[in-house]
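Novice: return atomic coordinates for the entry below.
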Amino acid sequence: MVRGGPPTNAKMRPVPALPDTLHPLLPFARSSEGPVRALAASVTRDGEAGLRFRYVLEGDIDTVRIPALSVARPTDELWKHTCFEAFIASRGDEYRELNFSPSTEWAAYSFTSYRSGMAPVALASSPRIEVTRSGAQLVVETRVALTGLVPESWRAPGTRLRISLTAVIEDTSGRIAYWALKHAPDKPDFHHAAGFILEV
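Specialist: This is a model prediction of the structure:
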């Protein structure tokens, strides 16, 4: 699991995540040999009690290692292979991590503060993960209920959530590339404050 700095130390103000607006993810180190031409993601409110995520990958899909479809269930260490991720924070040090595999397996973790108090989250309902592959495009869409995922105070009317969208992409040779809205300066730290730049 890629680690970094605490989300509460962000120096920049998060920007509103507009509905259905795809935001480009950037690779930590661009490789001319990588299979991905472009990767973008979006997050929006799904009614009053959920979030909807969408990831669109374009490139040489045949050379992306895509996990085979499986039973939708909570599974650890999804981040070791191609996996789409989201991180959620509110006002304090506490935050959540979500992993969505193209296999439809998923994971949810809570953290009390930076790298501390990690625990699996027992969601009230499993995320709905839909995977579509067409030509040079792979689309992963996910709906997640906030009930059971975040504290009740985070779901109060008017409360804003800060979001980081990321992805781990593995090619068929086993090489891993790390993609994020914004990276930390020295390494691909998905938990780093720099990534929490969207607000819903």
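Novice: in this protein, where is pLDDT below threshold?
Specialist: Applying pLDDT under 70 to the chain flags residues 1-12, 31-33.
Novice: which residues of it fall in strands?
Specialist: For the chain, applying DSSP state E gives strands covering 15-16, 23-24, 26-27, 36-45, 50-59, 83-89, 95-100, 106-111, 119-120, 128-134, 137-145, 162-170, 176-180, 198-199.
Novice: contacts for the first one?
Specialist: Outside strand 15-16, the residues that touch it by CB atoms under 8 Å, 6 or more residues apart in numbering are 197, 198, 199, 200. C-beta coordinates here come from the backbone N, C-alpha and C atoms, glycine included.
Novice: residues near the last one, how many?
Specialist: So that's residue 200. Residue 200 has 18 neighbours, counted by other CB atoms under 10 Å.
Novice: tell me the contacts of it?
Specialist: Contact analysis of residue 200 by CB under 8 Å, 6+ apart lists 16, 17, 43, 44, 45, 51, 160, 161, 163.
Novice: which two of the residues you listed have the greatest separation?
Specialist: The most widely separated members of the contacts of residue 200, counting by CB to CB, are 16 and 51 (14.2 Å).
Novice: neighbour count for the two, which is higher?
Specialist: Ranked by neighbour count (other CB under 10 Å), residue 16 and residue 51 place residue 51 first, with 24 against 10.
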